[in-house]
Each structure stands twice: as C-alpha cells, then as structure tokens.
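Peer 1: no sequence for this one, just the structure:
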C-alpha cells in the first residue's frame, strides 16, 4: 500500500496497492544463493570502509563541490568533530546490494523455468544502498501474495505441461522480522539508560513529513514492540519536530520528550533508525542542527553518517579501481566481490575519466552505458543514447558528480505487471536486492563485528523498455523470484 | 480498510481506513464478562430453534407475505425438501449477539473509568445475527490499534491523575483465528472427499460482487490456509459465477471447478461460508438456483438456511413472548437470556399488536421505541418521534413486517470518533457484539452440539445524536472496551 499523501485529512486518507507482478519471475537459484552468500562479505566491506575516514575523504573529495547532499553530510561530520566528536563507537547498518543478471538469454514465459539451453547469466551489482532500505515490508508482503496464489493453485493452468509452480521454488521472506531483530539487537547492546533523568530506553524512527511510505515503515515498528522482549519504538518527523521533541543531555544521551508526556520523564534513545535525512533539501539549518544532535549523541545510529555517505555512486566506482576492495578485504573475499562488478568510470579529469568522457559523448559508444549521479537510491540515471545530449546540458565542471557504468543486459522473460499506473504484459527484467544487517564497533585497528547477518531480500521487475525501476513512479513492481 | 469499489480498475483500487474511535470507550467488566458467558446459551438457543421447523414456520408465517428475503428463503427451503431434502445433518454457525447498556449514567471522560457513583447499567440485547458476522476482522485490528496506542503511552497524559490506561483493561481480540478455527473444525468434521472425481476438500467463501468489505473477509481466508493443518479456502461470487464454477454430483457432493483448472479434477467443498445471499435482490432466478444447489449439497453450510432465517427481528420479538425461550432452554438458562430482553411487540393484528400500533402512532409514546423491519443486520430502523409519520407512509397490511422495540438508553460517555466522514468529539454510546461459533448435528430429538464456543466480540461506538450504528455509512466506529 502507498498512502496518497495529497488525499490526507485530519480524519482519513486514501491509499492504493503498490505495483506488483502477476506472476513470480524466474531467477536462477545458484545466483540467488550466491547473492545471499555475498552479503556478509559486502557487510564486512562497507563496515570497514565506514571506519576508514581517510579513504572516504580521498574518494569523495571531488564530489563534495558538486553534490549538495554529500557536502552537507561532510560538513556535519566536521561539525561533529569540532564539538567533541562521536560518543558512540557502535554502529548499526541495514544495507542492500542490488543485482541484475548479465548474460544472453532467449525470452521465456514467466512461469516457465529455463530449460538449460541458455547460457548461465552472471550476477552483476547495480548499486549498493547503505541507507534505510525502504521497500523491505512491501517486498515481504508481495512474496506472501505470490506464495498464497501458488498454494491456491492459481498458477497451475499456466505450466504448459511442466510441473506446477511449487512453494519450494518461491523463497520465503522475513524482512520485517529481520530488520526489527537487527534494531532490537542494537537496542540490547546499548543497554540500560545512562542518563539520570530517563527511566527507559527506546528506538527512535526518524521519518519524513508527508510520508507516502508509512505502510512500509509501520510493520518494522510494530515488530519491535512485538519482540519477545518488547522494544519500545517511537517515530518523530525530520526537522523542527525532531529538534523540539529531543534533547542532548550533558553526558550526550539522546533524550526523547514525547509530546504526550508534557512534564514526565524523558525516554533515552538507544537506536536511531533513519528513514529521513537522505535528500539534500532536508539539510537546511534545522536539518543540519538535527543531524549534528543525533551524531554527537550516545545513541546508536542506523546508519551512521559515514556509512550513509558511502551510498554515493562515486564510492561504488572507486571500489572498481585496482587495490580498492583489496584495501578492506582478504584477497579471496575481494575476488568474490569483484566478480559482481561491471566496469565503471569516473567522469573527472583523470586519465580514466577523460577516456570515459569520450565514450559518454559519443552516441554510438554511450549506448552501452548508464550515467549515474552520486545520489542516494535509484532514479536520476541517464541511459545509453540519451547520455551525450544530457551531458551537453551540464557544466563540464559538474561532470565529476557522475559516474559512467556499463549497462547490464539481463535476459528478458515475459510477465504481467500491475500497478496504479496500469496493467501490461511483455518482456521484463528483474533486480534482486539482498538486505544485510550488521552491528559493529569501532576499534583502534578499524572495526569489529558484533553481528553480520543476511537479513532478507527484495525483488523488483520492470518492463525492458523502461529504464527506471522506481516503484513509486509505478515502473518497478515488487516480485518474487521463481527459483530454477 | 474499506475498498472504494467505484475506484476499481483492472490494475488498482483505492481504499480508506474504516471509522474508529480515538480512545477506548469505558464498558463495565462485569457486563462484558456476562455477555461473553451468555453466548454459549445463545448458541444453544439458536441451534435448537434451527432444528424446530414447526416453530420457525409458525413464527415467520406472517412476515412471509411482506418480506421478500424471508419469502425467498422459505421458498428455497420448500424447494430443497421437494428435491429430496437436506443431505448434510451437520451445521455450522457464526453468530453475534449485540448488546447495549441500559441505565442512568452521568457523562464520563472516555478514558476516565467510572468512579462507582453511577448506577450499574444492565446488559440489553439489541439484536441477534445468525449470518456471516461481518466486521470481525475490523474489530480485531481496531483492538490491536488501541492496544498499540496504549503500550506507546499515547493515552498517558489524559488520565487526569488517575492511573494510566493499562493493557489489562483492554481485552485482546482473536476474532480472525476464532472464525477460521470454527470453519476449520467443520472442515475436519466433513472428512475426506466422498466423490470419486474429487481428490481434495476445501472451504468455499461466497462473496458479493462489487465487494467493499474484502479487507474484512481476506484475513479469515488466509487464516484458514495458515492453520497448522492448512485448510484450502477459495472464494466465488454469488450468482452466475457460483452456478458456473460449482456442480452437484449424483451423490450430492458440492464440487468446485476452479476457473484456473479447466480440465483437471474438481475440489469437493466441505464447508460453505456465506458472506453473500443476505439481501432480497440476490434471490432472482439465478440466486435461487444457486442457493438450492448449496442447500441440497452435502457441504456443511455456515449458516444453514434455517439458521439464516432466524436472523429476522420477528424471531427476536417472538422470543420475548411467554414460553418461547423456555421451549428451547432449561428454566435456568432461559431466565439468564430473558434478562437481556427489552420489551418488544409485533405490529400485527393480535391483541399485543394492536396495542403496539396504538403506541407507535402516538408521537409522545413512540419516543420510547424503535421500529425495526425484519431485515438482516442493522440499519433501516425508524426511531422515536419519526415512527408515526413513517408508518403513515406504509400500507397497514405491511405493518406486520415490523416490530416495535423499547429504546435502550445507554449511559453516554465522551469520545472522539474518526471516520472518512469526519472527526468529531462528543457524547457517545457503544454496542458490544459477542461472537459465538458452533457446530451441531441434527438428531431425531433435535440437535446435538459438536462445538459451542465464545469466539470473540466486536465493539462499536456512535455519537448519541445519531441513531444509526452503520460503520459503512461512517456513523458507527470500531472501538475497544476500556473495562472497569
């Protein structure tokens, strides 16, 4: 469900179903398992990077001047250090690594698993998200839906004599409980209230005002309360609301003053789960003050500021450079990660960057690439032949905000997609996002894991003739992999 | 959630939240417990009545000429007997007895439990429903909401120094699982498929086309599939759809031919759960044929036709007559049931009826009464001073379709009601509906219980200045009793 924010009144609001595929879309089991296995290594990589400020600074230096969100976050990082630095050495991460399959493939009926005649496709990373991972609840509910259709036998007539779709081919999805378990784990690690004025601790969800995605957030919040040892969880809107209802004690505890408890004792925040604060325009003066308060506090952040800043595409591109992954991982692990990379280039004035600029401005060559700005999440990408004209409209000095990435050509299969925008069948391609959760501690040597878990996954599908996977815009549809 | 049926397209639909109270509304714990305890006696009463065709016929004789739904059901009953009678001697019932409190009471803040100064109100029955009991899922979800608000402390500032609202004061509600357990129990009693052509058995939900209340039905359906031993459950729309996708075997098994299994084996229906077929206009030629097929089949019906026909107000009124309840229950049980009755009168040409006609046409006297047509469910009632004018517009020969019932004056409390129609605070009154489930077998002596359970309850609240409790119209709001 998505909330129709504009229909909201004091007493009601309309909502509509999120886009879904009618049938589960085939995905090879080996690559699904491989993606899940890789996640703990990816978690390890990003945790290690988070604690390597020098590498982050070197890598992001160039984009700070052209990317307002990166600039705001880096400025806040400097501010935090100026006012005494970070108090909490434990961090929490909910990460998602998105993959598509690359390889030749003939089109297949969505419910007709591959018969082995096509070449085995390779798992290639589209992007890595270090921030909040919206969509986890939608993903789980969509899997429940496809599994329900399967158990009712609704797909049985469509198997062309093959064996019917069985539940064993549709992996279960427990995203909601997994995310809650991660936050509950961090909450437990935080321990008892440290402040003398607070009696209890709780998780604080930071959300955007005018929030269309509340049906994705609430299940995680309820799951926290529903833990065997209930974890209190409250929500506060980013901005003034956050400043008004929280305060920092002298000993850096983040105190929450619920609006409904005027004079009573505050609640000490153990974990801050950010589902807001990922857009440049959220960092006006109030937004910056709010973020500094969070970051200087003793609360465990999910994610920490330095983890969030790793979400930029520039980081993903820098990792493809020789020695980058190897800086953080053992050669064996680094090799496994590298296998999922497609070639990526900076658009700066380095030698590689100048070469990439030539490709990006040549409409024939550009066809094989995607131009990606260093922004959080998907969207805003420019595809193939549109790249030269787009770059012509951007000042050359700002080109370094973009990276050039080889397009991933996934084998197309047929399916029917259904969303508020319409219903349509045709060739589709899918994206598998593997969700990892981890909790780690900064140490003198770098970082030490307190937990490192493959939490779940999401699976989205779009028509091949649409470049954008955005679910909110109605292009991408939640899906379930039909493993073969 | 209610579906906005008119917004439905092939690919999407809008929905909006159902009306709820902002705060739980106080209700005395003793009367709550009493209502729950009474339910197994009410189950017993209605099961016994169902198997007493002579009493039903005598009681409903008068309204058959003026009530098209009663007439249609009775005609189908005769048709069934003509074509060989009922095959299945087990019946399943999901009943709901609705109560209001009667008694003086000063207005109280919704979250301020009574301090003992008011006189103890009496539990009085508003009506008894023998059909489908819509709203059970909404009721449970609303209780979950109020319990969530309570555990977050959202009500703490509103207690005026009294102890805060505690979870212990808000009873848990498990309607969804209870209804599913009842249907699953009947499914198990039905046993293995009897037909040679069917391999499996399943529950069939009959629903109305253009169904705004799907969010109330689906949870029960999913709960059936989610039983420890999953119970397959399918849905079919009333009318052509039902005739097309079911058939009766020679040995009277009800066979379901799922539209998605053209040539494959049919599924034998163990239990038919009717959530359609309760409106007169559903009984055109197709509707009658459909119902005859169901009733002549070996499937267990929930409810059976004779149980459904007991839902008319005429039956409720007839039960108030001397000796009626006593015909079916032991004196001790009968006395407990009678205590919940308010005076009710027929509007026929009997001595009591003529007296009631005098009252109903006198605007001063009528003030204390409600005029109720013998229709399923609430609504369509005429209140107090409106009765004389209303009756003047109805042919005298049709007056016997109505009963006259003394108004129940509930102590009003304050609350805030919120629905798609608006938000407003003020004095409110509540209605407690206790849901009973039972399975029974017709015997030569009458009926024998196979199960008799208090399944759950619903609690609805409306502004005192509105007569209608309809949730769909936005007057009634789902609520949770704050027990004191």
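Peer 2: Cool, got the structure. Every value quoted in this text rests on a predicted model; they were computed, and no experiment measured them.
Peer 1: name the helices or strands packed onto the top strand by length along chain A?
Peer 2: Using DSSP state E, we find that the single longest strand of chain A is strand A:422-443. Counting contacts by 3 or more Cβ pairs under 8 Å, 6 or more residues apart in numbering or on different chains; DSSP states H and E, strand A:422-443 is packed against strand A:25-27, helix A:29-50, strand A:90-102, helix A:175-190, strand A:413-419, strand A:446-463. Quick note: C-beta positions are derived from backbone N, CA and C, even for glycine.
Peer 1: for the host helix or strand of residue A:58, buried residues please.
Peer 2: In this assignment (DSSP states H and E), residue A:58 forms part of helix A:53-64. By neighbour count on 16 or more other Cβ atoms under 10 Å in any protein chain shown, the buried set for helix A:53-64 is A:55, A:56, A:59, A:60, A:62, A:63, A:64.
Peer 1: got the contact list for residue A:141?
Peer 2: Residue A:141 is in contact with residue A:478, counting by Cβ atoms under 8 Å, 6 or more residues apart in numbering or on different chains.
Peer 1: direction included, what does the longest strand of chain A pair against?
Peer 2: If you go by DSSP bridges, strand A:422-443 pairs up with strand A:90-102 (antiparallel), strand A:413-419 (antiparallel), strand A:446-463 (antiparallel).
Peer 1: the first one vs helix A:29-50, what angle?
Peer 2: This means strand A:90-102. Put simply, strand A:90-102 runs at 140 degrees to helix A:29-50, going by axes from the mean of the first three to the mean of the last three Cα atoms, to 10 degrees.
Peer 1: and the next helix or strand past strand A:90-102?
Peer 2: For strand A:90-102, the succeeding helix or strand toward the C-terminus, using DSSP H and E, is strand A:122-129.
Peer 1: swap in the last one?
Peer 2: Following strand A:446-463 in sequence order, the next helix or strand is strand A:477-478 (DSSP H and E).
Peer 1: ok, and what's touching that following strand?
Peer 2: By Cβ under 8 Å, 6+ apart, the residues outside strand A:477-478 that reach it are A:18-21, A:135, A:138-139, A:141-142, A:417-419, A:458-462, A:471.
Peer 1: measure residue A:332 to residue A:38 for me?
Peer 2: 13 Å (Cβ to Cβ, to the nearest Å).
Peer 1: out of those two, which sits in the busier spot?
Peer 2: residue A:38 (23 against 8; other Cβ atoms under 10 Å in any protein chain shown).
Peer 1: check contacts around the more buried one.
Peer 2: Counting by Cβ under 8 Å, 6+ apart, residue A:38 touches A:97, A:123, A:336, A:337, A:340, A:434.
Peer 1: quick one: name the residues of the stretch 101-250 of chain A near chain B.
Peer 2: Contact residues, the stretch 101-250 of chain A versus chain B (Cβ under 8 Å from any Cβ of the partner chain): A:148, A:151-157, A:222, A:225, A:230, A:232, A:234.
Peer 1: next step: those residues restricted to helices.
Peer 2: With DSSP state H as the criterion, helices contain A:148, A:151, A:152, A:222, A:225 from among these.
Peer 1: for those residues, give me TSV that also has distance to residue A:483 and neighbour count.
Peer 2: As requested, these are exported to TSV (distance: Cβ to Cβ, whole Å; neighbours: other Cβ atoms under 10 Å in any protein chain shown):
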residue	distance to residue A:483	neighbour count
A:148	18	16
A:151	17	16
A:152	20	18
A:222	29	14
A:225	33	16
